[in-house]
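Engineer: Fold the following and give me the result.
(3 chains)
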Amino acid sequence: MNFDDTPQEAAFRAEARAWIAANAPKQYEEELRKSSLGRVQLKNANILEVAKAWQKKKADAGWACLHWPKEYGGRGASPIERVIWQQEEGPFGRLSAMFIIGHGMCGPTMMAFAREEHKRHYLPPLASGEKIWCQLFSEPAGGSDVAGLRTRAERKGDEWIINGQKIWTSGAHYSDYGILLTRTDPTVPKHKGLTMFFLDMKSPGVEVRPIKQASGQSDFNEVYFTDVRIPDHQRLGEVNDGWNVSLTTLMNERMSIGAGVSTGFPELFEFCNSLMLEDGPAIEDRSVRSRLANYAVKASGLKYTSMRAISALSKGERPGPENSIGKLVAGSMIQEVAMYALDLQGAAGVLSGTDAELAGKFQAMLLRAPGTRVEGGTDEIMRNIIAERVLGLPGDIRVDKDVPFNQIPTKGRA
Amino acid sequence: MNFDFSDEQKQMRDEARKFLSEQCPPKAVRTVLDGKAAYDRDLWRGLAEMGFLGVAIPEQFGGAGAGHLELCVIAEEMGRALAPVPFSSTVYLAAEALMLAGSDAQKQKWLPKIAAGEAIGTLALFEGKGNPSPKAIKLTAAGAALNGTKKPVPDGAIADFAVVAARTGSTGRDADISLFLVDLKGSGVEVKELTNLDPTRGQAELTFTNAKAEPLGATGEGWGIITQVLDRAAVLLAFEQVGGADRALEMGRDYALDRIAFGRPIGSFQAVKHILADMYVSATLARSNCYYGAWALSTNAAELPEAAAAARISATQAFQHCAKNNIQVHGGMGFTWEFDCHMYYRRANATALGLGSVSYWEDALIDRMRKKNAAA
Amino acid sequence: MNFDDTPEEAAFRAEARKWVEANAPKEYEAELSRSSLGRIRLEKAEIVDVGKAWQKKKAEAGWACLHWPKEYGGRGASPIEKVIWQQEEGIYGKLTQPFQIGEGMCGPTVMAYGSEEHKRRYLPKLASGEEIWCQLFSEPAGGSDVAGLRTRAEKQGDNWIINGQKIWTSGAHYSDYGLLITRTDPNVPKHKGLTMFFLDMKSKGVEVRPIKQANSMQEFNEVYFTDVVIPDSQRLGAVGDGWNVSLTTLMNERMSIGARLATGFPEMFEFCSNLMTEDGLAIDDPAVRSKLASWAVKTSGLKYTSYRAISSLSKGERPGPENSIGKLVAGTMLQDIATYAMDLEGAAGALTGASEEVASGQFQQMLLTSPSMRIAGGTDEILRNIIAERVLGLPGDIRVDKDVPFNKIPTKGR
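Structural biologist: The predicted model follows:
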């Protein structure tokens, strides 16, 4: 048991470190390091432009989408090399936020289901950040129940005509392309009538409207489709096999979101370490210590759980199911951490923004945290996944499984 | 990075699990639970024969000379099986104290006997309620004679020798405390068995009246040694706790799959499923913290104090959480003496206290993190 | 809003207080006030004997089963008068433990479904404690799922022949009569084939075996029935209507268990007020205070919730559903309190002997007994379902066994 790199890993790390030292946009390092959940912003620059420039630079030198094949814009690197890269990239990795969906979900889906010519055309600019992709799955009628979606695709000659609405689409307003899950047959049970496409987000009939969140920010959008045309060659997978195609995407979503999960603990520890209470530093108070210790062991538990997964990768093994706990643990923890940090500030805890301690870091965390417990699988869905896939418990009783989609009730009560 | 046990260590785990499933089924644990024996002598002998008692003891002192990672592996299996033997007191406390502070002669006298299953040792630290602290030690040492009372002493009623913490000064500093080795079969030692939550692991009160003792380590260095022993034992006991937590989770999972209510397995109800998912989460966090503790222990890393406290807190919480919810998943049957659930519940709550309470370790963890932070 | 008695209530309270003062068995007062969850035992007397004597004395003076009609051994008192009596009876109420099931469940069921002749014969002796009743519902195959029971009753002339097994029967070993639910038709869906009876526990073929619990006490029993004969005249309700009859009983169970709820808080507060730690009194430690405060507000929340119910009674209204939270809150809290009390004692917390300092043993017993509080009389999970469904009006769980003949329902999960 050790934390040492193998000689090859060490060589790779040295190369990555040297390149980053020479090329990273250091002027933003401090700001990026301080940013936490719900607030990746730069004061004097447009984050999208800075991020695109960094991604392009990485791609040109072979450091983008490391684990993808070279012909699609990657480096053909091993999983452990990708992890090492992420460790070395450090705070600059926060600049990849807007590419995560494209790299983690859309790209792998294209790679698995698109035609060769499409792969060669679309994947390299996705890898280099020149084109941004989004994922159009969730709908007002289908959140946790993704397969409950209602956006229609109807065949007309060599094209499909799309009508409907998506919701919770991250980055739709700056995306160039999207992968889109639609209903092509409402008369069969719900998982059996879905089909997947990719489309140009600038197509006529696509309208993007930002959603103002509970936190006051707008990270997500509603996307409306009115008679949008998609050529049949942009279909991914067979007609009505969209559910299976989407599983590839979703599987990757849960992996990638779990990777850099933030818990709020380092921020809270630092805060308690410097906060003066009436009776002395907060960190000397027994009740504060007890809370901190509980958060500390959760945070370290998550950290070492991901290290176990990385070790498996390093040995060329498949990581076990342990990593599935990340988002579940971190989501409610960050909410509690934020509440406790506010509690320690007393009445002043209600202030926010620049009027608050640490420029409102914990207040922003508190307001963003409920979203973390919902997006990419709610806490309840994550517990189901653990219970069913890891512990082998039976699935829920499903009343909609063999019912034609158009006969499933759409309202809970009359 | 290789943050995992090696294939050889995993093989050892499989051997230990097989051995314990044969030699230490729940029935054997119940023999001790029901008071029919103070501990399982056959199992103790078997553990010695397998080389498990001396797995971390150097070869020159009769051990296998393997190391502490191997000991962690064995500890986890001991916890899974609820082994009713004085393993933690003898191996994590007494042997560790000897290896840290013993003279060659002292090591030569006791370590081979420990490895061979011929001697049971323990650490006599506590004097009634409270947590580890030099101030709480009132037992005095005058020359080589001890006077005072220790309780609770784990496995004190069956131990052959004890490492005893005694007061040798009155400056109010840590240097007031020194350690002594006492042969408990000698004169001046009175042993009284105490009832406790988990009868499969004994507790005792030891009263010393001019009991003959020899110093272990230098005078005035006792508290430093105790701190190190407690950190090392914390990691090892945490592995026992993780083993127990995992087993309790498996029992709950199996019952949820088998038990039918309302025409379906109870494990298909989300209310039950989510209890089990949360048990898995706490057991996983604990295991990962324990691995880090194992690395720190096996490499004598500077991070050990912090890693040990984190492993201790996390594993204690996980075992308590899994053991109590295992009963909940079993419903009424889980509350019967006949089902094994309560044995895990008892063990979880008793081991939560043995090295000082969770509150104590919480305080220690933050203190240690803070010092590290200040040093950085 | 006030906490004052109305003039009539005040008069009733004065009368009750005076009578208790003159008649209660004061020699047990100290022992009874010390006893807490899992430890109602008297050193030199059997609790059943002392309880019977007290109950008889109360019955003769008209203080037993106050809310029952006079002709059945009660006083015809109002619900609020019953509450006032309980408050005045105070710790002597602990002596009524052996009669609670009879008074709270069996009595009301006989009252609702028994013949007039049976009511006059059995209820007065039940009220006076001369005859003790038990309730025979739970079975190994049916815990939370009461209707899953398998004990068979087969008609033979004017009699029924009973074969099967019950479990978790409190006090079966000292009971004279029992309320028994059986399956009379396994070919119809499970709720429709049940029939209720009462029987003499000394009948031939009834065998009572005590169950040793996890906390090493024996409060419950298994009861085996081998060709036990019950005359049809002892049937309660129609054949096949036992489920509806049982609902009367169970409704009363959850009410009566909720009545005298131990939370562990008063014991914990006293313990922390007296415990000397290295740094002073435990109650001066901020970490201890923070925990105590959380439990304090839960305890007072429960207390005032029950006051709200009492107020409704006082106004002649039906109490709302709020009281259903009692056991759910108290069960977990007892477990948490016991764990923390032991934690405060350090390593010595694991010791259980009576020779330990005052509080020692009390919390250890509480810890070992608390799991049963979260199971008996409805598990936490069932109680949450009840709150969600009956109070909040959410739909019931999907039931796969509802319209299935009982003998077609699976009995093993895998």
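Engineer: now the strands for the stretch 151-300 of chain A?
Structural biologist: For the stretch 151-300 of chain A, the strands defined by DSSP state E, counting those that start in this stretch occupy A:152-156, A:159-170, A:177-183, A:194-200, A:206-211, A:220-231, A:235-236, A:276-277, A:280-281.
Engineer: Which other helices and strands does the first one contact?
Structural biologist: To tie it back to what came earlier, the one meant is strand A:152-156. When contacts are defined as 3 or more CB pairs under 8 Å, 6 or more residues apart in numbering or on different chains; DSSP states H and E, strand A:152-156 packs onto strand A:159-170, strand A:177-183. Where C-beta positions appear, they are placed from N, C-alpha and C, glycine not excepted.
Engineer: closest point of the stretch 151-300 of chain B to chain A, which residue?
Structural biologist: Going by CB to the nearest CB, chain A is nearest to B:L285 of the stretch 151-300 of chain B, at 3.0 Å.
Engineer: Now for the residue nearest to C:V206 when sequence neighbours are not counted: which residues touch it?
Structural biologist: Take C:V206 and drop its neighbours on the chain: the residue closest to it by CB to CB, 6 or more residues apart in numbering or on different chains is C:V228, 5.6 Å away. C:V228 makes contact with C:I161, C:I162, C:N163, C:L199, C:S203, C:K204, C:G205, C:V206, according to CB atoms under 8 Å, 6 or more residues apart in numbering or on different chains.
Engineer: is it true that C:V228 lies in a helix?
Structural biologist: No. Assigned with DSSP: H, G, I helix; E, B strand; the rest coil, C:V228 falls outside any helix and is strand.
Engineer: if I pick A:L236, what's in contact with it?
Structural biologist: With CB under 8 Å, 6+ apart, A:L236 has these contacts: A:T109, A:M110, A:F113, A:A114, A:I179, A:M196, A:F197, A:F198, A:V245.
Engineer: in the helix or strand harbouring the second one, what's buried?
Structural biologist: Element membership of A:M110 [criterion: DSSP states H and E] is helix A:107-113. Counting neighbours by 16 or more other CB atoms under 10 Å in any protein chain shown, one finds that the buried residues in helix A:107-113 are A:G107, A:P108, A:T109, A:M110, A:F113.
Engineer: Show me what that helix is packed against.
Structural biologist: Right, helix A:107-113 is packed against helix A:116-127, strand A:194-200, strand A:235-236, helix A:242-259 by 3+ CB pairs under 8 Å, 6+ apart.
Engineer: Alpha carbons of that helix, as CSV, please.
Structural biologist: Taking only C-alpha atoms (Å, rounded to 0.1, in the frame of the first residue of the first chain), the coordinates of helix A:107-113 have been written out as CSV:
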residue,chain,number,x,y,z
GLY,A,107,-18.7,12.7,-26.7
PRO,A,108,-18.8,9.2,-25.4
THR,A,109,-22.3,8.8,-26.8
MET,A,110,-21.2,10.0,-30.2
MET,A,111,-18.2,7.8,-30.0
ALA,A,112,-20.4,4.8,-29.3
PHE,A,113,-23.3,5.4,-31.7
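Engineer: the domain parsing of the chain - what is it?
Structural biologist: Going with chain A. For chain A, the structural domains run A:7-127, A:133-240, A:261-377, going by automatic domain parsing.
Engineer: my bad, the chain I had in mind was chain B
Structural biologist: B:7-87, B:122-220, B:223-375.
Engineer: Could you single out the most deeply buried of these?
Structural biologist: domain B:223-375 (a mean of 24; mean count of other CB atoms under 10 Å in any protein chain shown).
Engineer: so how far is that domain off the chain centroid?
Structural biologist: Relative to the centre of its chain, domain B:223-375 is centred 13 Å away, using CA atoms, centre = their mean, to the nearest Å.
Engineer: What mean pLDDT does it get?
Structural biologist: Domain B:223-375 shows a mean pLDDT of 95.
Engineer: for that domain, how far is the first residue from the last?
Structural biologist: 23 Å (CA to CA, to the nearest Å).
Engineer: what about the closest residue to chain A within the stretch 101-250 of chain C, how many neighbours?
Structural biologist: Relative to chain A, the nearest point of the stretch 101-250 of chain C is C:D145 (15.0 Å; CB to the nearest CB). By other CB atoms under 10 Å in any protein chain shown, the residues close to C:D145 number 21.
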